[in-house]
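predicted coordinates and the sequence they were generated for:
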Amino acid sequence: MSETSNRVCAVVAEESTGAAREALRRAARVADLAELRLDYLRDFDFTSLDALRALIEQKPLPTIITCRAQAEGGKQQVGVRVRLRLLVEGARRFADYCDIEAAHYSKAAALSPDLSRVIVSYHNFSETPADLNSIYDRITSMPAAVHKIVTRANNVADTTAIFKLLDRARTDGRQLIALAMGQPGLITRVLGPVWGSFLTYGSLEPGKESASGQPSCDELVNLYRVHRISRHTAITGIIGSPIGHSASPAMHNHAFARLDLDFVYLPFEAKDLLDFFRRFVRLDTREIDWNLRGLSVTIPHKSAVIRLLDEVDETARKVGAVNTVVVNDGRLIGYNTDVQGAMEPLEKACVLADENCAVIGAGGSARALIHGLIERGARVIVFARNPAKARELSETFGVPVLPIESLASTDAGVLINTTPVGMRGHSEGLSAAPRAALRGRRIVYDLVYNPMDTQLLIDARAEGCRTISGLEMLIAQAALQFELWTGQKPPTGAMRDAALDGIARRTE
Ligand code: NAP
């Protein structure tokens, strides 16, 4: 599969030997190696080497056999002697490698394994411990072909320890698999091979993950394009918390692929913005040597990020929020593409100068929208539930702010919802405005994009209004980011397809 030394290993985690054999065949289509998790099998005789031979004799790709102890995430109890004999003899005769936990190394060593086929592994399912170097010292004192250290990242900051370990193994001339589980650890799974990790693991299908935060092989190969990433690849990504459901990685990575650009876009799950900038972003303090080109910034960091930047463009400064950072020769420059991104779909639908616009909500996206509307000569009236935020908006932008209950009183032709009301996982099925308050509007625009058809838009269409989905803004603001980072015109069709696909997946 791979044109580089970056290797993707498909984890085969099936309950029947028939399904496992079939999965190995599928693995050969997407991965460079397979890991066969024997402890998942329910119809397998763990005492029989013939059973293993029948399973992997025809293996279509290099295969690691693993039979985890329950204490290390194994699916069932298999006696330790039976387990180790199966692994040691299985690797000697049929498989390419066996994976043995460091805790059981001495028992396995007593069986005189072929050390050129042994992977010694350490797992920590709760954290990335501070003493990773001494763990590395301990496990690398056990002779083997490959050593493996897998921890859990509870924050993206934990991943720097993994990258440092990979640097150390490279210097030591050792083969190491190192990665961090959990959503914040995803960047180690995507970039690990470039740092020299012997391989990275992917599930064969979504839903068949064998570890927390494990992406599918399809995502590793076709979304993050792991096989083509190098130390020169321009790194971009989204910083926020939570970001697990963001559509941005799909939109940007598909757009990079469409234009064959050497860029990748990663999710950075981080609550501590200052720490992230210190460890990953600022040239003078960062702990990771990479070609960082830009960031999307999302909830809750859009305002706080401003003081960490070298320069902020005028729009972002006026709105008081940055959603895009460009890294230019180490200088950090902030932009706000939400403003133009929110305006583009509206401007396609109407001329905003002198238009009366009612905005529901007083949060971050309301500020971007109000700024854009005023800049284009529209007359804005805001409807908000929080009097303190309403006052602040009114003072900043010089617009009238009324309680949400009085929405029906305005005759604004354009109505825009900037609250999360109607959003999947928040209040799907509810509308940000009573149907009666939609009567007579020309355009109703909902910033919520999942679902695409919110109750507000359904009601608005029933009232004869023209509707605009938040998807349009989502694509427009991302397209502007893409252009800022790459200097190229974005393939918006690819971005739209990726966003729609992401939304559809989250509907399943
Ligand atoms: P935010 O800063 O948290 O602001 C949300 C606003 O909605 C606040 O004023 C909040 O009022 C108000 N609100 C929340 N629940 C409400 C309710 N039940 N009734 C009335 N008002 C309510 O969030 P944001 O960043 O502006 O994002 C808001 C929505 O826009 C989200 O759904 C987000 O996904 C969407 N959005 C879409 C795009 C896009 O590209 N399409 C871009 C940005 C945002 P309080 O202050 O009283 O809590």
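All right, it came through fine.

would you mind listing what in the chain touches the ligand?
With Cβ under 6 Å from any ligand atom as the criterion, the chain meets the ligand at residues 299, 338, 361-366, 384-386, 389, 404, 418-421, 423, 447-449, 470, 473-474, 477. Bear in mind the C-beta positions are built from the backbone N, C-alpha and C, glycine included.

where does this structure get nearest to the ligand, which residue?
The nearest approach of the chain to the ligand comes at residue 363, 1.7 Å away (Cβ to the nearest ligand atom).

rewinding a little: now the buried members of the residues of the chain next to the ligand.
The neighbour-count test (16 or more other Cβ atoms under 10 Å) marks 338, 361-366, 384, 389, 404, 418-421, 423, 447-449, 470, 473-474, 477 as buried among the residues of the chain next to the ligand.

show me where the stretch 151-300 of the chain has its strands.
176-181, 200-203, 234-240, 263-269, 292-297 (DSSP state E, counting those that start in this stretch).

can you give the distance of the lengthiest helix in the chain from its chain's centre?
Secondary structure assigned by DSSP state H gives helix 470-486 as the longest helix of the chain. How far helix 470-486 lies from its chain's middle: 17 Å, per Cα atoms, centre = their mean, to the nearest Å.

that helix: which residues count as buried?
Quick answer for helix 470-486 (16+ other Cβ under 10 Å): 470-482, 484-486.

do the same with stretch 26-36
Across stretch 26-36, burial judged by 16+ other Cβ under 10 Å covers 26-28, 30-36.

of the residues you listed, just say which sits nearest to residue 283.
Nearest to residue 283 out of the buried residues of stretch 26-36 is residue 32 (Cβ to Cβ; 34.3 Å).

ok so, going back, just the buried ones among the residues of the chain next to the ligand: which are in strands?
residue 384 (DSSP state E).

now do the same for residue 211: its pLDDT.
pLDDT recorded at residue 211 is 86.

excluding its backbone neighbours, what's nearest it?
Excluding its sequence neighbours, the residue lying closest to residue 211 (Cβ to Cβ, 6 or more residues apart in numbering) is residue 181, at 5.1 Å.

is it true that residue 11 touches residue 200?
No - between residue 11 and residue 200 there is no contact under Cβ atoms under 8 Å: 10.7 Å.

can you tell me the distance between the two ends of stretch 300-307?
Using Cα to Cα, to the nearest Å, the end-to-end distance of stretch 300-307 comes to 14 Å.

buried set for that stretch?
301-302, 305-306.

how far off centre is that stretch?
With Cα atoms, centre = their mean, you get 20 Å for stretch 300-307.

re earlier: please render the buried residues of stretch 26-36 as CSV that adds secondary structure and pLDDT to the earlier fields.
Formatted as CSV, these follow (DSSP: H, G, I helix; E, B strand; the rest coil; pLDDT from 0 to 100):
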residue, secondary structure, pLDDT
26, helix, 96
27, helix, 97
28, helix, 96
30, helix, 95
31, coil, 97
32, coil, 97
33, strand, 98
34, strand, 98
35, strand, 98
36, strand, 98
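
tabulate these (TSV), appending distance to residue 102.
As requested, the buried residues of stretch 26-36 are exported to TSV (distance: Cβ to Cβ, whole Å):
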residue	distance to residue 102
26	31
27	26
28	30
30	30
31	25
32	25
33	21
34	23
35	17
36	20
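
so the nearest residue in space to residue 215 that is not next to it in sequence bridges to which residues?
Computed as Cβ to Cβ, 6+ apart, the closest residue to residue 215 that is not its neighbour in sequence is residue 202, at 5.7 Å. Taking DSSP bridges as the rule, residue 202 bridges to residue 10.

you'd agree residue 202 is up against residue 31?
Yes - between residue 202 and residue 31 there is a contact under Cβ under 8 Å: 6.7 Å.

could you tell me which residues touch both of the two?
Residues touching both residue 202 and residue 31 by Cβ atoms under 8 Å, 6 or more residues apart in numbering: 8-10, 217, 221.

and these, which two are the farthest apart?
Among these, 9 and 221 lie farthest apart (Cβ to Cβ), at 11.6 Å.

okay, and the common contacts of these two?
31, 202.

returning to what we had before: considering the shared contacts of residue 202 and residue 31, which possesses the most neighbours?
Neighbour counts for the shared contacts of residue 202 and residue 31 (other Cβ atoms under 10 Å) peak at residue 10, which has 32 neighbours.

quick one: that residue from residue 177, how far?
Distance of residue 10 to residue 177, computed by Cβ to Cβ, to the nearest Å: 15 Å.

ditto for residue 46
Going from residue 46 to residue 177 by Cβ to Cβ gives 24 Å.
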